[in-house]
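Q: Here's a sequence, model it:
(one chain, ligands or ions: 2)
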Amino acid sequence: KRKLNEHDVPEAVGDKAAKGAPAKPTFASLDLDSRLLQAINSEKFAAPTPVQAKAIPLALSGEDVLARAKTGSGKTLAYILPILHSLLKRKATESKPAKQTTALILVPTKELASQVTVTLQTFTEFCAQDVRHENISRKEDVAVTRSRLAENPDIVVATPGRATQWLNQDVLKLVELKHLVIDEADLVLNYGYEEDLQGIAAALPTGVQKIMMSATLRTEVDTLTALFPSGGAKPTILDLS
Ligand code: ADP
Ligand code: MG
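A: Ligands and ions are numbered 1, 2, ... in the order given. The predicted model follows:
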């Protein structure tokens, strides 16, 4: 597995810290569930990347986030970790935790869906009992998908096309959704998924947190914010490119 090189991770601030500059971010300082920190440690990731250091606290606070950061900068964990943390917290503290899917991760291709699924597997290593996830981006018989979704996965990974198909067939249910992620948002739009996104947006309950990640984001920002308006506050736009 490719690890980021030193060039990609934040530089040590050294004596700057003494002059009041913010200290170098650590995963421990992000206040993540200990089971997630355990997984991070076993991956030997020394420190969060810049996009992770910025996006994780924002996402944990419930804000909508739109982040632009170059390929290889660690955007997957920047949304997976806060979603897993929030999910584990709700399961531990709520008397009636959601019974249906609470996070939908949309990606442009089924290859990327498989990659995200592998990352989910890796980072739920120590909480696998508490987190169920399904990749429904493959073409398969509706009965198969229906049975996989019948077990109420907490997290569903899909292309917008498949998500729309299962949504229309009433197999995928978004009534309890809390987080919507659009990864590689520029590609999702450029691949012509805008109409599917419209349908998905219409099926969302109120108050869903939206997290969008992309290597490039220009005019797409307007399209995305129009499709998925943030109630009240505007999404925080992080530009790390
Ligand atoms: P992006 O989506 O921005 O292109 P990825 O999320 O695919 O980037 O991550 C790129 C690579 O960096 C992956 O192999 C991932 O395991 C690794 N990685 C992610 N976060 C860290 C980190 N904090 N420290 C070291 N490696 C990391
Ligand atoms: Mg990515």
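Q: now the lengthiest strand in the chain: mean pLDDT?
A: In the chain, taking DSSP state E as the definition, the longest strand is strand 209-214. For strand 209-214, mean pLDDT is 96.
Q: Within the sheet, what are the partner strands of it, with directions?
A: strand 65-68 (parallel), strand 179-182 (parallel) (DSSP bridges).
Q: what's next to the helix or strand of the chain with the lowest mean pLDDT, contact-wise?
A: Among the helices and strands of the chain, helix 220-227 carries the lowest confidence by mean pLDDT, DSSP states H and E, at a mean of 88. For helix 220-227, contacts defined as Cβ atoms under 8 Å, 6 or more residues apart in numbering pick out 66, 182, 185-186, 189, 194, 197-198, 201, 212, 214, 234-235, 237. The C-beta positions use only the backbone N, C-alpha and C, and glycine is treated the same way.
Q: do that again at 10 Å, thanks
A: If you take Cβ atoms under 10 Å, 6 or more residues apart in numbering as the criterion, helix 220-227 is touched by 64, 66, 68, 182, 185-190, 194, 197-198, 200-202, 210, 212, 214, 217, 234-235, 237.
Q: Low-confidence stretches in this protein?
A: 1-22, 232 (pLDDT under 70).
Q: hey, which helix is longest across it?
A: Taking DSSP state H as the criterion, the chain has its longest helix at helix 75-93.
Q: Now do that helix and strand 209-214, the angle between them.
A: Relative orientation of helix 75-93 versus strand 209-214 (axes from the mean of the first three to the mean of the last three Cα atoms, to 10 degrees): 160 degrees.
Q: ok, back up a step: is the longest strand of the chain anywhere near ligand 1?
A: No: figure legend: strand 209-214 not in contact with ligand 1 (Cβ under 6 Å from any ligand atom); closest approach 6.7 Å.
Q: i'd like the first residue to be 637 from this point on
A: That works, and once the first residue is 637, the last one we named lands at strand 845-850.
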